[in-house]
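1. Let's see this in three dimensions:
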Amino acid sequence: MSYQPDSNLVTAAAYNKLTPYLPLYEHNVCNGFFDTITNSNSSQLLEGDAADKREFFRRYTAFMVEHHYDVVPFEGCVVELVQNGEGLMGYGQTLLKDKEDILAYPWESMEERYFERFSPYFDALEASLPPGMKAVGGVGNGIFETAQDFVPFTQLAYLMVDDREAFDLLFTKIGEMFAKIWRRFLGRYSEMYAVCRTGDDLGFKTSTLLQPEVIIDNIVPQYKKIVDEVHRHNKPFLLHTCGHIFSVMEPIIATGIDAKHSNEDLIAPFSTWVELYGDRIGLFGGIDMNVLCIEDEKTIKEYVTDVLTYCQGRPGIAIGSGNQIADYVPPEGFLAMVEAVKEWRRRG
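-> The predicted structure is shown next:
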């Protein structure tokens, strides 16, 4: 019998409710991985016309259903309108050097540019969703990541010290831009989304990338604008953020987020996040990327089973990779993970 997806399971988990069984969740399944595991060039269809885009999403959603996912991740990333991620990756230009540059930037055009760029993809996905399945994601990138695409990280640190007024203004402008884009996005596409999500990596293995007080003062208030927009459309909000961010979790939770995704065992095992925050928010992920990438199938299955055993009977859990199914994830590792989940479900 083919799997019948039920996106309500993931929505319920995001609201920190107990589900009949633990649903699967991914932040992203990268195009290169998808082409490799399906032995196809399906991602090339995304560059084609509307029919080609619909065919890509038909294949993509069918793949997710085949592997017993109830939701499909998809977002349109704002940095594609800035430097296409080059600033975020650290090798782009500094586009905004001072307050005058920030005030002169055509922020008012970003909303229209966003939908000109991404509506064809959202429309194609909407037309291709199988019964029972919805999407997770929405307006891609977050406040901090977008700031870095305008002003690469090193220069952003200098701006914080040399011109704090400009630094503060940059985050305010980005927050206002995101709120406008999210408002329009939700008005048009909210019904096809089970969970709305922002991805904004705030930390690394030992610390946050900015001082906690800077994140709390400049970034967290902008999250609140997005969370409020999402809640106005009666959708749960999930924040994906990597790193050792315990120092800012309480203010982040106070914005009203419903769930969080991303974990790495070198920072803390998934159980630590569940013990600290699982009484208030949903926690998604759980399966360490290093395990998926370097361990054999037997070890991966044992690891996944251990995580499932810990999570069984707890509310607010959706299982999947602690980050994303990146191009470098071996297909065998991914398949071992999902097969372990299927076997666990069969055992009841």
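2. Give me the secondary structure label for the nearest residue to K235 once chain neighbours are set aside.
-> With Cβ to Cβ, 6 or more residues apart in numbering as the criterion, K235 has its nearest non-adjacent residue at 4.9 Å, and that residue is C196. For the C-beta atoms, the positions are set from N, CA and C on the backbone; glycine is no exception. Following DSSP: H, G, I helix; E, B strand; the rest coil, the label given to C196 is strand.
3. What is the burial count for C196?
-> 28 (other Cβ atoms under 10 Å).
4. ok, it touching G138?
-> Yes: between C196 and G138 there is a contact under Cβ atoms under 8 Å: 4.7 Å.
5. Pull up the overlap in contacts between these two.
-> 182, 186 (Cβ atoms under 8 Å, 6 or more residues apart in numbering).
6. Contact partners for the residue nearest to K235?
-> Listed by Cβ under 8 Å, 6+ apart, the contact partners of C196 are 136-138, 182, 186, 190, 230, 235-238.
7. Please repeat the previous calculation with a cut-off of 10 Å.
-> Neighbouring residues of C196 by Cβ atoms under 10 Å, 6 or more residues apart in numbering: 14, 75, 135-139, 182, 185-186, 189-190, 226-227, 229-231, 233, 235-238, 258.
8. Which strand or helix spans the nearest residue in space to E339 that is not next to it in sequence?
-> Ranked by Cβ to Cβ, 6+ apart and with sequence neighbours excluded, the top spatial neighbour of E339 is K301, at 6.9 Å. For K301, the host element (DSSP states H and E) is helix 297-311.
9. What average pLDDT does the next helix or strand after that helix get?
-> Sequence-wise, the next helix or strand downstream of helix 297-311 (DSSP H and E) is strand 317-321. Across strand 317-321, pLDDT averages out at 99.
10. ok, then the element right after strand 317-321?
-> helix 331-346.
11. tilt between that next one and helix 297-311?
-> 40 degrees (axes from the mean of the first three to the mean of the last three Cα atoms, to 10 degrees).
12. tell me which residues in helix 331-346 are buried?
-> 333-334, 336-341, 344 (16 or more other Cβ atoms under 10 Å).
13. So which other helices or strands are in contact with it?
-> Helices and strands touching helix 331-346, by 3 or more Cβ pairs under 10 Å, 6 or more residues apart in numbering; DSSP states H and E, are helix 31-38, strand 282-287, helix 289-294, helix 297-311, strand 317-321.
14. Which of the contacts of C196 fall within strands?
-> 75, 135-139, 237-238 (DSSP state E).
15. measure the residue lying closest to P23 once chain neighbours are set aside to Y21 for me?
-> Distances taken as Cβ to Cβ, 6+ apart place L9 nearest to P23, at 4.2 Å, with adjacent residues excluded. Applying Cβ to Cβ, to the nearest Å, the value for L9 to Y21 is 8 Å.
16. repeat for L125
-> L125 is 26 Å from Y21, by Cβ to Cβ.
17. between the two, which one's more packed in?
-> Remark: of L125 and Y21, L125 carries more neighbours, 24 against 14, as counted by other Cβ under 10 Å.
18. my guess is that one meets F74, correct?
-> Yes: between L125 and F74 a contact is recorded at 5.5 Å, counting by Cβ atoms under 10 Å.
19. hey, what's in contact with both of the two?
-> By the contact definition Cβ under 10 Å, 6+ apart, L125 and F74 are jointly contacted by 57, 60-61, 135, 137, 192-193.
20. and these as TSV, adding neighbour count, distance to V161 and secondary structure?
-> Output for the shared contacts of L125 and F74, formatted as TSV (neighbours: other Cβ atoms under 10 Å; distance: Cβ to Cβ, whole Å; DSSP: H, G, I helix; E, B strand; the rest coil):
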residue	neighbour count	distance to V161	secondary structure
F57	25	45	helix
Y60	23	44	helix
T61	21	47	helix
A135	24	40	strand
G137	25	35	strand
M192	19	43	helix
Y193	26	39	strand
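21. Which of the ones in strands among the contacts of C196 sits closest to P251?
-> F237 (15.1 Å; Cβ to Cβ).
22. distance of the residue nearest to the closest one when sequence neighbours are not counted from Y158?
-> Leaving aside its sequence neighbours, F237 sits nearest to V230 (Cβ to Cβ, 6+ apart; 4.3 Å). To Y158, V230 is 33 Å away according to Cβ to Cβ.
23. Looking at those two, which is more packed in?
-> Under the criterion of other Cβ under 10 Å, the comparison of V230 against Y158 puts V230 first, with 28 against 14.
24. The more buried one and V195 touch, don't they?
-> Yes: using Cβ under 10 Å, V230 is in contact with V195, at 9.2 Å.
25. Give the residues shared as contacts by those two.
-> 138, 236-238, 258.
26. and which of the residues you listed is nearest to S321?
-> Among the shared contacts of V230 and V195, and counting by Cβ to Cβ, the member closest to S321 is L238, at 14.7 Å.
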